[in-house]
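>>> Quick one, fold the following:
(one chain, ligands or ions: 1)
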Amino acid sequence: MPNCEDCDHYWRADELGEGGTCPTCGRTLDTTPSKTPWHFKLLIATLTIYLSWRAVQGIEWVIHKI
Ligand SMILES: [Zn+2]
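Predicted coordinates for the structure are as follows:
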């Protein structure tokens, strides 16, 4: 949902002016839909870091076994 920081107001897509501008102040707003919620990105990032850490541990274990 596009948010105008100047007006501190969330607008629906059909409320926006021509070219995705704020109907009140005319400012061009970011209408890019954010399909990925931030907590999902955080989960993926955490999982990636965790798996990388596990991979390093696994490699170290193999090195010590040789
Ligand atoms: Zn505005």
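>>> Can you report how many residues neighbour residue 60?
Applying other C-beta atoms under 10 Å, we find 10 residues neighbouring residue 60. For the C-beta atoms, the positions are set from N, CA and C on the backbone; glycine is no exception.
>>> Quickly note the distance from it to residue 40.
31 Å (C-beta to C-beta, to the nearest Å).
>>> do residue 56 as well
From residue 56 to residue 40 the distance is 25 Å (C-beta to C-beta).
>>> what residues does the chain put near the ion?
Proximity of the chain to the ion, by C-beta under 5 Å from the ion, involves residues 4, 6-7, 22, 24-25, 27.
>>> Buried subset of these as a PyMOL selection?
The PyMOL command for the buried members of the residues of the chain next to the ion (criterion: 16 or more other C-beta atoms under 10 Å) is given here:
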select buried, resi 4+22
